[in-house]
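J.: pasting the sequence and the predicted coordinates here, then a few questions.
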Amino acid sequence: MNYSLNELSIPVSQFSKDTTLFTIHFSLLTFNLMSIDEHYMRRCLQLARNGFQHARPNPMVGAVVVCGERIIGEGYHVRCGEGHAEVNALASVRPSDEHLLPESTIYVSLEPCAHYGKTPPCARLIVEKRLRRCVVGCIDPFSKVQGRGIAILREAGIDVTVGVLEQECLDLNKHFMTYHRFHRPFITLKWAETSDGFIGYADQCPGHRLTISNSLTRMVCHQRRTEHDAILVGRHTVMTDHPRLDVRHWHGDAPLRVVLAHNEVDSYPALYFSSVEEAVRGLYDRGVQSLLVEGGRQTLQSFIDRGLWDEAFVETGPSVAGEGVCSPVLNEHELVGTTFYGSNRMAWIKHR
Ligand code: AOF
Ligand code: ZN
C-alpha cells in the first residue's frame, strides 16, 4: 500500500460534476495520505527499537523528516541523557537540504517533549526549524509533557496530526506508558507448568525439582529478564529454590532482585517488601517501570487476584507430574499468541 501521491493526482475538476466519482477520488486521496503517514511512522518505529538497550528509563522514540517523497533526515533516541529522536533526525539533515524544512513533515513516534529535562524541548526545536507539519504516533503521558508539546506546535501554526499507528507506538513503550499513566510498574507474570497443570512438586519431596523448561525457553526467559527493571519472587521460592534470578542464558542487564517477605530470608540479597501493594508502590517510587513476577504459586496468585498484572508468559512442557503445586489461575485474560520451542509451548497472554 505504498502509493506515490502522483499516481493518484487526477484533477478534481474532471469529476466536479459527478459527485460519486468525486467522493471515490476524495476517499482514495484520504486513504492514500493515511497510508503515507503510516509508512513513515513504521520507519519511526523501526528506528526507535534501536534504542532498546540504552534509552531506558526514557522511551524508545524514532523520527523521520520527509520533504515531498524523500526522507531528508532520520534519527532515534540512542541513550538516556542524550539527544532525543527529533534532535538527531534534524541534525542529520544535510546543510544543502536545510532550506527544505519549511515544506517538510517531521514524523515522531511519541509526542515531542515540551520541557527542559536533560535536554531542551523538542517541540521548540521543531518550531525554530519552521517545519510545516508534524505527525505524532501517540501522546507522551509524562506529567511534564501530556499534550503540551502538541500545543506548542499548534500555537506556532504547525499542522499537527496525532494518533498514526497509535496502538503500535503505545505498545512499543508499554512499560513507560503504564508507569506514567497508572503510576505503577508494568507487571509481567511468568511460570512454567507441566502438561497436567502443575508448577512444582509439593513440599513433601525435598530436593526433588520438577524440570519443565528446555534450553530454548531458558534463553527466552532470560531475555524477558533483561527487558524488565525488576524481578520478584515470594519467600517460599527463595527458601526452597534459592533462585539466582540473574541473566545467564542471554545477554543484557539483570533486573533488580525483589522478594515478597516480612523479613530477610537466609541472607538472600534483595529488596524486601511485605505485601504486593507495598512492593508495587515502593517500586514505583524507585522509578521501576517494569516488574517480572516469577513465582511461586501464592505470589503469582496474589498479583492476579488484585488485578495487578498486565501480561503473562506461560510455558507448558510435555512432562506429567501427577500431583504437586497447581498452576495459578488467571482472571480476565486473552491469548495474544503461542510459540513452540521444541516440545514446549509458550503462551503470551494479556490482562483484559
Ligand atoms: C521526545 N523525543 O526521543 C524522547 C522523549 O530528561 P530528558 O530531557 O531526556 O527527557 C526525558 C523525557 O522526555 C521522557 O520522560 C519522555 O517524556 C520524553 N522522551 N521525548 O520528544 C524523544 N525520548
Ligand atoms: Zn524531546
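T.: Received it, and whenever you're ready, just let me know what you need. Ligands and ions are numbered 1, 2, ... in the order given.

J.: three-state assignment of L216?
T.: Secondary structure assignment for L216 (DSSP: H, G, I helix; E, B strand; the rest coil): helix.

J.: gap between it and D246?
T.: 19 Å (CB to CB, to the nearest Å). (Glycine included, C-beta is placed from N, CA and C.)

J.: again, but for V325
T.: 24 Å.

J.: do E111 as well
T.: In terms of CB to CB, E111 sits 36 Å off from D246.

J.: same check, this time on M219
T.: Using CB to CB, M219 is found at 14 Å from D246.

J.: re the thing from before, between V325 and D246, point out the one with more neighbours.
T.: Legend: neighbour count by other CB atoms under 10 Å for V325 and D246, higher for V325 (20 against 13).

J.: count the neighbours of H77 for me.
T.: H77 has 28 neighbouring residues, counting by other CB under 10 Å.

J.: surely it and M60 touch.
T.: Yes: the pair H77 and M60 passes the contact test of CB atoms under 8 Å, sitting 6.6 Å apart.

J.: check contacts around the closest residue in space to A55 that isn't next to it in sequence.
T.: In this structure, A55 finds its nearest non-sequential neighbour in H77, 5.1 Å apart by CB to CB, 6 or more residues apart in numbering. By CB atoms under 8 Å, 6 or more residues apart in numbering, H77 lies in contact with 48, 51, 55, 58-62, 83-85, 88.

J.: just the buried ones from these?
T.: 48, 51, 55, 58-62, 83-85, 88 (16 or more other CB atoms under 10 Å).

J.: dump those into TSV; add pLDDT and secondary structure as well.
T.: Supplementary listing: those in TSV, determined by pLDDT from 0 to 100; DSSP: H, G, I helix; E, B strand; the rest coil:
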residue	pLDDT	secondary structure
A48	98	helix
G51	97	helix
A55	97	coil
N58	97	coil
P59	98	coil
M60	98	coil
V61	98	coil
G62	98	strand
G83	96	coil
H84	97	coil
A85	98	helix
N88	98	helix
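
J.: which parts of the stretch 251-352 of the chain are helices?
T.: Along the stretch 251-352 of the chain, the stretches classed as helices by DSSP state H, counting those that start in this stretch are 276-285, 297-305.

J.: closest to ligand 1 out of those?
T.: When the helices of the stretch 251-352 of the chain are compared by CB to the nearest ligand atom, helix 276-285 sits nearest ligand 1, at 14.7 Å.

J.: show me what the closest one is packed against.
T.: Secondary-structure packing of helix 276-285 (3 or more CB pairs under 8 Å, 6 or more residues apart in numbering; DSSP states H and E): strand 256-260, strand 271-273, strand 290-293.

J.: show me where pLDDT drops low in this protein?
T.: Counting by pLDDT under 70, the ranges of the chain that qualify are 1-34, 204-208.

J.: would you mind naming what in it lies close to ligand 1?
T.: Within the chain, the positions near ligand 1 by CB under 6 Å from any ligand atom are 58-59, 61, 77, 84-86, 110, 112-113, 117-119, 122, 140, 142, 145.

J.: residues contacting the closest residue in space to F52 that isn't next to it in sequence?
T.: Nearest residue to F52 in three dimensions, chain neighbours excluded: M60, at 6.2 Å (CB to CB, 6+ apart). Residues in contact with M60 (CB under 8 Å, 6+ apart) are 48-52, 76-77, 109, 172-173.

J.: now do the contacts for the residue in the stretch 201-350 of the chain that ligand 2 sits nearest to.
T.: As assessed by CB to the ion, ligand 2 sits closest to Q289 within the stretch 201-350 of the chain, at 18.0 Å. If you count contacts by CB under 8 Å, 6+ apart, Q289 has them with 56-57, 175-176, 178-179, 185-186, 229.

J.: distance check, it against ligand 1.
T.: 10 Å (CB to the nearest ligand atom, to the nearest Å).

J.: again with L216
T.: Between L216 and ligand 1 the computed distance is 33 Å (CB to the nearest ligand atom).

J.: hey, what's the spatially closest residue to that residue that is not a sequence neighbour bridged with?
T.: Leaving aside its chain neighbours, L216 sits nearest to Y341 (3.9 Å; criterion: CB to CB, 6+ apart). With DSSP bridges as the criterion, Y341 is bridged to N344.

J.: do a quick rundown of the helices in the stretch 51-200 of the chain.
T.: With DSSP H, counting those that start in this stretch, the ranges of helices along the stretch 51-200 of the chain come out as 85-91, 122-128, 148-155, 166-172, 174-182.

J.: between these, which gets nearest to ligand 2?
T.: Between ligand 2 and the helices of the stretch 51-200 of the chain, the tightest spacing by CB to the ion is seen for helix 122-128, at 3.2 Å.

J.: so the closest one, near ligand 2 or not?
T.: Yes: Helix 122-128 is in contact with ligand 2 by CB under 5 Å from the ion, via C122.

J.: with only the CA atoms kept, save that helix in CSV.
T.: C-alpha atoms of helix 122-128 as CSV (Å, rounded to 0.1, in the frame of the first residue of the first chain):
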residue,chain,number,x,y,z
CYS,A,122,12.0,19.2,21.1
ALA,A,123,8.7,21.0,20.3
ARG,A,124,10.5,24.3,20.4
LEU,A,125,13.3,23.0,18.1
ILE,A,126,10.6,21.9,15.6
VAL,A,127,9.1,25.5,15.7
GLU,A,128,12.6,27.1,15.4
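
J.: only the buried residues of that helix, if you could.
T.: 122-127.

J.: beta partners of the residue nearest to D159 when sequence neighbours are not counted?
T.: Sequence neighbours aside, R133 is the residue nearest to D159 in space, at 4.3 Å (criterion: CB to CB, 6+ apart). Beta bridges link R133 to T105, D159, judged by DSSP bridges.
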